[in-house]
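> sequence below, structure please.
(2 chains)
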Amino acid sequence: MFPVREAQTLAPDVVRLVVEAPRVARYQHPGQFVIVRVREGGERIPLTIAGADAEAGTITLIIQAVGLTTRLLCALQPGQAILDVTGPLGAPSEVGYEGRVAVVAGGVGSAIAYPRAAALARAGNELVTILGARTADLLTLEDELASVSASLRVVTDDGSRGRRGLVTDVLADDVEAAAAGIAPLDLVLTAGPVPMMGAVADVTRPHGIPTVASLNPLMVDGTGMCGGCRVQVAGATAFACVDGPEFDAHQVDFALLHRRNQAYRDQERAAAEAAQAAAEAAQAEAEADDGCAATQPQPRPTLREAR
Amino acid sequence: MSSTSPSGRTRKERMALPRVEPREHDATERAASFCEVDLGLDWEGAQLEADRCLQCVRPRCIEGCPVGIRIDEFLGKVAEGDIDGAAQIIFDDSSLPAVCGRVCPQESQCEATCVLAKKDKPIAIGQLERYVADAARAHAPPAQRVTPDPDGGSAAIVGSGPAGLACAADLAQAGHDVTVYEALHDLGGVLAYGIPQFRLPRDVLRAEINRLAELGVRFETNAPIGQAEGVDDLLAEHDAVFLGVGAGVPRFLNVPGEDLVGVSSANEFLTRVNLMEAHRPDADTPLPQVAGRRVLVFGGGNTAIDAVRTALRLGAAEATICYRRSEEQMPARVEEIRHAREEGAQFALLTNPVELLDDGTGALAGARLQRMELVEPDDGGRARPKPIPGSEHEVPADLAVVAVGNEPNPLLRRAAPDLERTSRGTIAVDEETGATSKPRVYAGGDIVTGGATVILAMGAGRRAAASMDREIRAAKSGAA
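Coordinates of the predicted model:
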C-alpha cells in the first residue's frame, strides 16, 4: 500500500496527490511515470511523476478525473492509500543545455511538462512557456511553470484568461519570430491532448525546430510486455512505455495515437457510469461460489480407505 | 526389479492395463467457463496408473525431465499409497509441481522417453505429478521455514516467473537469504499473466508461491529492476543476482494495419483477461467486446491456442487460428490443439496475413490472407512456408490477436548495460552454470533461450541456483 500524504484540488476535477513511494522517489528522473492500481480489481493506469522528494520518500501525482480510475484517485484523502504504485517507468528525458526552449502545455499536460521544464531551467535554458486550457478554471500548474520560465503566456479557448485561441496561435508567432531572426527557438517541448501535440508538430515541422512530445497511450503493464502502448514513430513501431514516453514529435503518427486512445471510450464511459452497480456486483461476486468446485483437488483418502 | 507391485498385480498384468485418462470438463460446458478443463485423476485412477510403472532399473523418464525429478521413486510411492512420500521426492527437484503437472509438455519429455511410450501408452507422469501436488497441498501443513545457514549469503532474483521461482526455491532451501523482485503487482510472471486460468487456476499458482514464502523467500512486487535500481545496485546489497526477466516485448506481423483498433498482441489480450481479469463484472480494466465477434489469432504456439480458447470463453462467434504452416508443425502441445478444436476453434492452416483491413474509422474490419505451401525444411528442420501466387483472399474479422513470439526487452539494457548479449539480443550465459559475462550475475529462462517452456526455464533457474550457491559459499570461505 502507498499512503496518500497530501491531497489538494488544483482545478475542478484536477487533484494533486503526494504519495509515499520511496523506491520511485529515490530512483525517478524527469520524464518518467508510474503505473498505479487503486484497488483490488482495479485497472493499471500510467501517471507522470510530477515531482519527487527522495528524502521524504514521496512523489507528486497530478490527476484529472476523466474515467473511473482517475475519479477514484481524485477522491482519495490523506490517510487513505493507493494499492499499487510501480515505477519509475519509461526512459528519462534528455536534459541538456539547448538554449531557448518553448514549453507548450495544454490542460493537465502541464503536469507532464513541468518536471522536464524545471530540469531544463536548472540546466540553464531560457523557457518561454505557453499554457493553454479550455477555460480559466482548468489552467493547471500556472504558478509552478511561471516560476521556472522566463515568460509564461496563457491561452484559453473561451478567452476567460489570457489570449483567446489555441496554444499553437502563440507558438506560431514564436516560430515566425525565430524564422525572422528576432528570437531563436532551439527546442519545443509539448504535452497535452493528442490533437494539440499534433498541431504543435505541424507548426514547427516546416521550420525544422526540434520538437519533443510526451505521449500518453493506453498501457497495461508499462514494462514493454504487452505492446498495447505501441505508437508509430518514423514509420516504425515503438513502445511508449520503454522507448518513450517522449518522442520526436515530427515523426509521430498522432492521428493513429488519437484513434487508439479511443479504443475503449464506450467501455470507459459505461464503466464510470456503472461504478456504483459494479461495486454492488463485486460484493455479490465475492460472496458467491466461483463455480469451479470441480477443479479442487480430490481430498486424499486415508491409507485405510485407499487399500 | 520386483515382479509384483504393492497391488499384487504381476508385471504382465500391469502391462496389460490401459493408460488411465484424466477426467475432463465437458467441451460444450467448458467453452463458456474459465474453470479448469483438465480435472485430473482421482485416487483410484492415480494409484492404478502409478501401478503400471514397470520400475525400470535405469529409468529413461528421468532423462526426459529437465529438472531430473526421480520419477520412478515417486510413482512407486503413489502405488504404495504414500502421497506424502511421493510429494517429498518431487519437491526435492521441483518447487512448482502443481504448475508443471499442468503445463509441462510431458508428451515430448518424460512421457516421450518412458519405456511404455513404445507401446503408445506411456505412464501419465504429468497427471500423477499434478495429483500428488494437489493432494499433498490439500492437507499438508505449512512448509517449514528453512533455518538460515550462517555460511550462506544473500541473493536477488529479478522476475517471479518460473525461472526465478525455481532459482529462489533452491537457494532458500540451501539456507540463503532470498529476495524476489517483480515489476508487476502480482507474482508468477507468465504463469500469472500468460497462462489462462482454465489451464492453471490462480489458486493453484498462489498456493505454490505461498509455499516458497513459507520457506522464507521474500517477495517484492511493484519493483521494476532496470527502471528503479539497476543490477549494480542489487549487487551492492546481495552476493549474487539472477535475471529471469522473461521473453520481453511482443513481436508483431510487420503487415499494414496492425495498429488498428481491435488488433492486440496475445500478451496484451491474455494479460487483460488473466492478470487483470477484465472479463469479470467487478474488474475495472476494459476489454474489447469479444461476445458475438469474429476473432482471428495469428500464430501456432501455445500462446496462440491460449488466446483462441480465451476468445471462445468470452463468447466469440468465431475464433480462428491462422497459421502459416500445417498442423504437424504447430509448436503448441497436441493436447491443447485438441482441446481448442473440441471447444469450437477453427483452424486456417497454411495461411498468412498480408494486410489487416481498416473499416474506415481506424478499427479492424478483416484481414487479407494468402495461402501457403510447404517447401524443403529450413535450418530449424521445419518445413518452410511459401506463398501461393494469386491465393490472396479477404476474411472479415472484428478482433485480431497476434501471437508470433517475443523479442528481448530493451529494459534489460538499462538494468545492466555491460552484460554480454547474443546476436538475437538475449543474454549470453554459460549453459552449465547460467553465469553471465558479469561477475556474480546469472540468468536463465526466456531471456536466455527466447520463448520456451515453463519447465526449461525452471531447469535453468535450478542450474543457476546451484552455481550461485557454490559461488556464494566459496566467496564467504575465501573472505573468512
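> where does the residue nearest to B:Pro201 when sequence neighbours are not counted sit, in terms of helix or strand?
Leaving aside its sequence neighbours, B:Pro201 sits nearest to B:Glu36 (CB to CB, 6 or more residues apart in numbering or on different chains; 5.2 Å). Backbone N, C-alpha and C define where each C-beta goes, glycine included. Using DSSP states H and E, B:Glu36 sits within no helix or strand.
> let me know the pLDDT of residue 75.
Picked chain A for this. A:Ala75 carries a pLDDT score of 92 in this model.
> sorry, I should have been clearer: chain B.
94.
> looks to me like it is in a strand.
No - assigned with DSSP: H, G, I helix; E, B strand; the rest coil, B:Leu75 falls outside any strand and is helix.
> what about stretch B:120-127 and chain A, any contact?
No - contact of stretch B:120-127 with chain A (CB under 8 Å from any CB of the partner chain) is absent, the minimum separation being 12.3 Å.
> skip ahead from the helix or strand bottoming out on mean pLDDT in chain B and say which helix or strand is next.
None of the helices or strands of chain B scores lower by mean pLDDT, DSSP states H and E than helix B:411-415, at a mean of 74. Going down the chain from helix B:411-415, the next helix or strand is strand B:441-443, by DSSP H and E.
> by contact count, what packs against that following strand?
strand B:240-243, helix B:454-479 (3 or more CB pairs under 8 Å, 6 or more residues apart in numbering or on different chains; DSSP states H and E).
> minimum distance to chain A: which of the ones you listed has it?
strand B:240-243 (14.0 Å; CB to the nearest CB).
> whichever helix or strand comes after the closest one: partners in the sheet, and parallel or antiparallel?
Using DSSP H and E, the helix or strand that follows strand B:240-243 in sequence is strand B:249-250. When pairing is defined by DSSP bridges, strand B:249-250 lines up against strand B:406-407 (antiparallel).
> let's test this: mean pLDDT of the partner strand, rounded?
The model assigns strand B:406-407 a mean pLDDT of 86.
> mind listing residues that contact it?
For strand B:406-407, contacts defined as CB atoms under 8 Å, 6 or more residues apart in numbering or on different chains pick out B:Ala247, B:Gly248, B:Val249, B:Pro250, B:Arg251, B:Asn267, B:Gly425, B:Asp446, B:Gly450, B:Gly451.
> which residue ranges make up the domains of the chain?
I went with chain A, as the question did not name one. Residue ranges for the domains of chain A, per automatic domain parsing: A:2-89, A:100-261.
> chain B was what I was after
Split into domains by automatic domain parsing, chain B comes to B:11-139, B:154-248+B:408-479, B:250-406.
> now render those domains as TSV, adding mean neighbour count.
What follows is those, written out as TSV (neighbours: other CB atoms under 10 Å in any protein chain shown):
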stretch	mean neighbour count
domain B:11-139	20
domain B:154-248+B:408-479	22
domain B:250-406	20
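> related to what we said a few turns ago, state the pair within the contacts of strand B:406-407 that is farthest apart.
The two members of those with the most space between them (CB to CB) are B:Asn267 and B:Gly425, at 17.2 Å.
> tell me the contacts of the nearest residue to B:Arg463 once chain neighbours are set aside?
Nearest non-adjacent residue to B:Arg463, counting by CB to CB, 6+ apart: B:Gly434, 5.2 Å away. Contact analysis of B:Gly434 by CB under 8 Å, 6+ apart lists B:Phe242, B:Tyr442, B:Ala443, B:Gly444, B:Val448, B:Ala460, B:Arg463, B:Ala464, B:Ser467.
> can you give me phi and psi for B:Gly434?
Dihedral angles of B:Gly434 (phi, psi; degrees, to the nearest 10) stand at phi 80, psi 10.
> buried ones in the lengthiest strand in chain A?
In chain A, assigned by DSSP state E, the strand with the most residues is strand A:2-11. Residues of strand A:2-11 classed as buried: A:Phe2, A:Val4, A:Arg5, A:Ala7, A:Leu10, A:Ala11 (neighbour count, 16 or more other CB atoms under 10 Å in any protein chain shown).
> closest to chain B among those residues?
For these, the nearest to chain B is A:Phe2 (8.5 Å; CB to the nearest CB).
> tell me what the closest one is bridged to.
A:Ile82.
> for B:Ala428, see how far away it is.
Distance from A:Phe2 to B:Ala428, counting by CB to CB, to the nearest Å: 37 Å.
> tell me where the model's unsure across chain B.
Scanning chain B for pLDDT under 70 picks out the ranges B:1-4, B:378, B:380, B:479-480.
> at 80 what do you get?
Along chain B, segments meeting pLDDT under 80 span B:1-7, B:31-32, B:120, B:139-144, B:226-228, B:377-383, B:408-416, B:478-480.
> show me how far stretch B:109-127 is from its chain's centre.
Distance of stretch B:109-127 from the chain centroid (CA atoms, centre = their mean, to the nearest Å) equals 20 Å.
> equivalent analysis for stretch B:251-269, please.
Chain-centre distance of stretch B:251-269: 23 Å, with CA atoms, centre = their mean.
> with stretch B:205-216 instead?
Chain-centre distance of stretch B:205-216: 18 Å, with CA atoms, centre = their mean.
> cool, and stretch B:295-307?
Centroid displacement of stretch B:295-307 relative to its chain, using CA atoms, centre = their mean, is 15 Å.
> start to end distance for it?
By CA to CA, to the nearest Å, the extent of stretch B:295-307 from end to end equals 10 Å.
> contacts (any at all) between chain A and that stretch?
No - using CB under 8 Å from any CB, stretch B:295-307 stays clear of chain A, with a minimum separation of 12.4 Å.
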